[in-house]
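Novice: Give the three-dimensional model of this entry:
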Amino acid sequence: MAAFAPGILFEYLLRFRSHFTKPSFAYFGGYILSLLLTSGRKTMSRVAHTCFFVERHLASWERFLSEYKWDLNLVLRTLLDTLLAQLGQSLQVHGAYLAAVDTFLVAKNGRAMPGVQAWRDHSGNADRGERIRGHHWALLGLIGFSTTWGRYLCFPLLLRLISGRLNPCQLMVDPQGGTTRATFWDCVLPLIWQLRQFLGAVPLRVVADAYFSKAPVLNPLLQEGIHLISRLRKDAVGWDDPSPEQRSDAKRGHKWKLAQLLTHLPATAVTVFLYGKQVTVHAVSRVVWLRDVEQKVKVVVIEGLKQPILLVCTDLALTMAQIIEIYAARFPIELAIRDLKQYFGIADYQCYRDVAIHRFVHLACIAFCVYRLIQFRAPAWLPSASRGVSPAS
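Specialist: Predicted coordinates:
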């Protein structure tokens, strides 16, 4: 049995036992085991065939996702508690927990699936065309540092289906009972609020790419005491506070084209830990106002090979080196999305009910995190070690 699955796997699975009935827990354990062991597409029929020890019809496995009564939020809360207990301080980056947020597309053609529509593809892959018909997902994961491998890792936790304009699948209800269509931010920000609810009153930062460095994200996060580290567009501008020489009713001071700060301010050589090694970059920083943002932010401009790189941080206490390192720590969420698609079947769902789809993709995240924990405690069991592949890959 140890060759089939490590004993530590069953120890982790038992942590979720209280959230299921006895029959449901057999499905849950078999599902996670199947995701870890099977290759190829993770369809429900393959899951059922792999779990030969659970004598149930294929339709019963489908009902486990769509009809059986178990609370996904409690399961995810237990997953987070397990990560915190096993990884401890390695999940804190410069004195706070760090959550990474990103989005990805899943190609789907089913007309009965909620939220399927054509989405603009920003991957730059010419073979995929300009648009992909399917689902748009938002993913949130915790970033931690592995001293064993000397690099940052991402532990995916929460997902939410983004409601499109052509085929909306989520609505917002106001106190008066009126409904409006959920926007992109209405689908993404609840992931951060849910993580905040799970963690409680502890320092939390969020790192995301340039699309999230906008007032609709910055202002709600600042109101909740959550700091954001992101990237700015190369044409971004900022303003100083009004100077005494200006009119008394002036709201803004000197306007800066932020990409040109390197030519106006003396650059500083900064040694930072990037992508597994120490490197030295030249950068400048300035605290400025951004358009429509309620508080001042710190902007770091890094000298790039072709053009400057602009970073923004709402936590004014962080140094330039810390801001650069935190933004670079965002990259593992890209690798996590790739691994979730290639090895854990996050895009292989064939469900038509919203609850089943969300349970399917979150079970893939649970299997991913359990696999990472097994890597730390039972590395000899890993199949990747026999292929000469890095364990962190």
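Novice: Every contact and neighbour count from this point should use C-alpha atoms.
Specialist: OK.
Novice: State the pLDDT value of the most centrally placed residue in the chain.
Specialist: Taking C-alpha atoms, centre = their mean as the criterion, L140 is the residue nearest the geometric centre of the chain, at 2.6 Å. Predicted confidence (pLDDT) for L140: 97.
Novice: Point me to the helix or strand that includes the nearest residue to it once chain neighbours are set aside.
Specialist: Distances taken as C-alpha to C-alpha, 6 or more residues apart in numbering put V101 closest to L140, at 4.6 Å, once the chain neighbours are dropped. In the assignment (DSSP states H and E), V101 maps to strand 96-107.
Novice: Would you mind identifying the next helix or strand past that strand?
Specialist: Per DSSP H and E, the helix or strand that comes after strand 96-107 is strand 117-120.
Novice: Next up, the contacts around the residue nearest to the centre of the chain.
Specialist: A99, A100, V101, D102, P156, L157, L158, L159, L191, I192 (C-alpha atoms under 8 Å, 6 or more residues apart in numbering).
Novice: Specify the beta-bridge partners of it.
Specialist: Using DSSP bridges, the bridge partners assigned to L140 are V101, L158.
Novice: now swap in F145 and tell me
Specialist: Per DSSP bridges, the residues bridged to F145 are Y152.
Novice: what about it, neighbour count?
Specialist: F145 is flanked by 18 other residues according to other C-alpha atoms under 10 Å.
Novice: right, and it touches F155 too?
Specialist: No - counting by C-alpha atoms under 8 Å, F155 is not a contact partner of F145; they are 10.8 Å apart.
Novice: And the helices in this protein?
Specialist: Applying DSSP state H to the chain gives helices spanning 7-13, 22-37, 44-50, 58-66, 72-87, 184-199, 215-223, 261-264, 320-328, 332-343, 354-377.
Novice: helices or strands next to the third one in the packing?
Specialist: Based on contacts counted as 3 or more C-alpha pairs under 8 Å, 6 or more residues apart in numbering; DSSP states H and E, the elements that helix 44-50 packs against are helix 22-37, helix 58-66.
Novice: Contacts for the strand holding V101 next, please.
Specialist: Residues from elsewhere that reach strand 96-107, judged by C-alpha under 8 Å, 6+ apart: 91-92, 119, 121, 132-144, 154, 202-209, 330, 333-334, 337, 347.
Novice: Just to be sure, which of these are found in strands?
Specialist: Among these, the ones falling in strands (DSSP state E) are 92, 119, 132-144, 154, 204-208.
Novice: got a pLDDT number for A5?
Specialist: 67.
Novice: make that L83, sorry
Specialist: Looking at L83, its pLDDT stands at 95.
Novice: Would you mind measuring from it to W289?
Specialist: Separation of L83 from W289 (C-alpha to C-alpha, to the nearest Å) stands at 37 Å.
Novice: Which of the two has more residues huddled nearby?
Specialist: W289 (22 against 18).
Novice: Next, the contact list for the more buried one, please.
Specialist: G238, W239, D240, D241, Q295, K296, V297.
Novice: Please flag which of those residues sit within strands.
Specialist: Among the contacts of W289, the members found in strands (DSSP E) are G238, W239, V297.
Novice: Tell me the confidence at the first one?
Specialist: So that's G238. Per-residue confidence at G238 stands at 92 (pLDDT).
Novice: which residues does it bridge with?
Specialist: Beta-bridge partners recorded for G238 (DSSP bridges): W256.
Novice: That one reaches R291, doesn't it?
Specialist: Yes - with contacts counted by C-alpha under 8 Å, G238 reaches R291, the gap being 7.3 Å.
Novice: Comparing those two, which residue is more hemmed in?
Specialist: G238 (20 against 12).
Novice: Just put the ones in strands among the contacts of W289 in a markdown table and tack on distance to E62.
Specialist: Converted to a markdown table, these look like this (distance: C-alpha to C-alpha, whole Å):
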| residue | distance to E62 |
| --- | --- |
| G238 | 53 |
| W239 | 56 |
| V297 | 48 |
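Novice: from those residues, which single one is nearest S45?
Specialist: Checking these against S45 with C-alpha to C-alpha, the nearest one is V297 at 51.2 Å.
Novice: Now for the spatially closest residue to the closest one that is not a sequence neighbour: which residues touch it?
Specialist: In this structure, V297 finds its nearest non-sequential neighbour in T314, 4.7 Å apart by C-alpha to C-alpha, 6+ apart. Each residue near T314 by C-alpha under 8 Å, 6+ apart is listed here: L222, H227, L228, I229, Q295, K296, V297, K298.
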